[in-house]
Every structure is written in C-alpha cells, then in structure tokens.
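Student: Compute the structure for the input listed below.
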Amino acid sequence: ANNVTGGYTGAGQINNTEDYTRTDADNDADLDGALALGNGRTGLLVDSGGTLNGNINLGSGSAINVEGNNSAGVSIQSILNGNYTQRGSATVTGSNSVGIEFRQDVTGNVAIGGASSATFAQGEGSVGVRVLGDVAGEFLIDGTVQATGFTSTTLSNYADPDTLGPNDTPIAARRDADDLLVGGAAVEI
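Tutor: Alright, predicted model coming up:
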C-alpha cells in the first residue's frame with residue numbers, strides 16, 4: 001500500500017452490524033447461542049503496508065459499533081505518523097475481536113478517554129485495547145476500557161446457598177455455558 005498524508009476526524013457514528021438476534025433455545029428465560037455470526041468486520045480501518053501521516057481524532061460525539069467474530073472497532077494496521085485521540089465510544093461484539101488495535105508503531109501520542117469515552121469488547125477471547133507496536137509519545141487511558149466473555153455484566157448467578165430451597169434453581173444451573181465465556185484482556189501492551 002502507498003503512504004497517505006492526511007488524517008481522519010470523526011464526530012458521528014460508524015455502524016458495521018448484522019441482522020442477528022440471539023434466541024432462548026432452551027426456554028430458560030436466558031438468550032442462547034453465539035453473540036455474533038459474521039466474521040472479519042471493522043468499523044475504522046487503516047490498512048497495512050504503509051504509513052498514515054496525520055492524526056486520527058474520534059470526538060466526544062463519535063461512536064463505533066461492530067458486531068462480528070474476529071472483528072475490530074478500530075484497526076490501525078500501518079504506522080501512524082501522528083496522534084490517535086478517542087473521546088467517543090468503540091464497541092465490538094463477537095469472539096476473538098478487539099475494540100481498538102495498533103498493529104504497528106505510533107510516532108505521536110495515544111489518548112483514549114474522556115467523559116463520554118468507553119471501549120467495550122464482548123465475546124470469548126475479545127480484547128478492549130491492543131498495542132502491538134511502539135508508541136513514541138504518551139500512552140493515556142482516562143476512560144472506561146472493558147472486555148468480557150460474559151453475555152451480561154449486570155446479572156449474577158450468585159445465590160446464598162444457605163437460602164436456597166429445594167425448588168430453587170441450583171447455582172450451577174443459573175447461567176448456560178455460553179453466558180460465561182472467558183474474555184481477553186482489557187488492555188494488552
């Protein structure tokens with residue numbers, strides 16, 4: 001790929017989603033199955049093989065939403081000769097995916113955060129932020145970065161064993177195996 005001079009500023013939404021809805025296949029009042037079916041989706045891509053000479057700035061009103069396995073919200077696969085600033089949100093849902101990734105070096109600063117910033121990766125083995133190259137400037141996270149394999153971060157399968165009656169659902173049966181998958185790291189450097 002050729003080198004590119006110029007940056008990117010985003011203030012709106014980027015949605016790369018699928019028309020798939022999980023169903024309750026076993027009638028236990030809990031949705032079942034994979035979080036996503038598609039593969040290889042990306043919200044914002046800087047393709048490999050060159051250098052992007054410029055800044056990437058995702059403002060506080062920006063939102064990137066991606067649904068797919070082996071997918072990415074933001075994937076910077078070339079050298080970024082500039083700064084990366086994210087004040088908006090990046091959400092990716094699907095196994096082995098990543099919210100934001102830098103596969104090569106960044107010559108400037110990386111700043112992820114702010115009042116409206118959140119990076120969320122949901123799915124088995126999914127990672128919030130991954131940095132594979134060097135960052136020459138400051139690397140700052142001052143917002144929320146979360147990664148989970150669980151289908152819910154608010155529901156609990158806990159019940160006090162001393163209070164369970166003979167007709168109550170046993171603790172081990174309160175969530176299906178597909179609800180309790182192991183996510184990746186919130187931040188990998």
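
Student: rest of the way, CA atoms for contacts and neighbours
Tutor: Noted.

Student: Quick check: buried residues in stretch 35-47?
Tutor: With burial defined by 16 or more other C-alpha atoms under 10 Å, the residues of stretch 35-47 counted as buried are 35-39, 41-44, 46.

Student: now swap in stretch 59-72 and tell me
Tutor: 59-60, 62-72.

Student: Same question for stretch 114-128.
Tutor: For stretch 114-128, by 16+ other C-alpha under 10 Å, it's 114, 116-128.

Student: related to what we said a few turns ago, from the buried residues of stretch 35-47, which ones fall inside strands?
Tutor: If you go by DSSP state E, the buried residues of stretch 35-47 have 42-44, 46 in strands.

Student: Ile112 is in contact with Tyr140, correct?
Tutor: Wrong residue type there; residue 140 is Leu, not Tyr. Yes. Between Leu140 and Ile112 there is a contact under C-alpha atoms under 8 Å: 6.2 Å.

Student: Ser147: which element?
Tutor: One correction, residue 147 is Ala, not Ser. Using DSSP states H and E, Ala147 falls within strand 139-150.

Student: Ok, Leu52 next?
Tutor: Leu52 belongs to strand 51-53, assigned by DSSP H and E.

Student: what pairs with that strand, and is each one parallel or antiparallel?
Tutor: strand 4-5 (parallel), strand 79-81 (parallel) (DSSP bridges).

Student: what does the first one contact?
Tutor: By C-alpha atoms under 8 Å, 6 or more residues apart in numbering, the list of residues contacting strand 4-5 from outside reads 50-54.

Student: One more: the longest one?
Tutor: The list of residues contacting strand 79-81 from outside it, by C-alpha under 8 Å, 6+ apart, reads 50-55, 103-108.

Student: Would you mind measuring from Ala25 to Ile64?
Tutor: 30 Å (C-alpha to C-alpha, to the nearest Å).

Student: can you check Gly40 too?
Tutor: For Gly40 relative to Ile64 (C-alpha to C-alpha), the value is 15 Å.

Student: Likewise for Tyr20?
Tutor: Taken as C-alpha to C-alpha, the span from Tyr20 to Ile64 is 18 Å.

Student: Same question for Gln104.
Tutor: Note on Gln104: its distance to Ile64, by C-alpha to C-alpha, is 21 Å.

Student: gap between stretch 86-106 and the chain center?
Tutor: Mean-position distance between stretch 86-106 and its chain equals 5 Å (C-alpha atoms, centre = their mean, to the nearest Å).

Student: CA atoms of that stretch as PDB?
Tutor: Taking Å, rounded to 0.1, in the frame of the first residue of the first chain, the C-alpha atoms of stretch 86-106 are listed here in PDB:
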ATOM      1  CA  GLN A  86     -10.500   8.900  21.000                       C
ATOM      2  CA  ARG A  87     -13.100  10.800  23.100                       C
ATOM      3  CA  GLY A  88     -16.100   8.800  21.800                       C
ATOM      4  CA  SER A  89     -17.000   5.100  22.200                       C
ATOM      5  CA  ALA A  90     -15.900   1.900  20.400                       C
ATOM      6  CA  THR A  91     -18.000  -1.200  21.000                       C
ATOM      7  CA  VAL A  92     -17.300  -4.600  19.400                       C
ATOM      8  CA  THR A  93     -19.400  -7.800  20.000                       C
ATOM      9  CA  GLY A  94     -18.100 -11.200  18.900                       C
ATOM     10  CA  SER A  95     -15.500 -13.800  19.700                       C
ATOM     11  CA  ASN A  96     -11.800 -13.100  19.300                       C
ATOM     12  CA  SER A  97     -12.400  -9.400  18.400                       C
ATOM     13  CA  VAL A  98     -10.800  -6.200  19.600                       C
ATOM     14  CA  GLY A  99     -12.100  -2.800  20.400                       C
ATOM     15  CA  ILE A 100      -9.100  -0.700  19.300                       C
ATOM     16  CA  GLU A 101      -5.800  -2.100  18.000                       C
ATOM     17  CA  PHE A 102      -2.500  -0.700  16.900                       C
ATOM     18  CA  ARG A 103      -0.500  -3.300  14.900                       C
ATOM     19  CA  GLN A 104       2.400  -1.000  14.100                       C
ATOM     20  CA  ASP A 105       4.200   1.900  15.600                       C
ATOM     21  CA  VAL A 106       2.600   5.300  16.600                       C
END
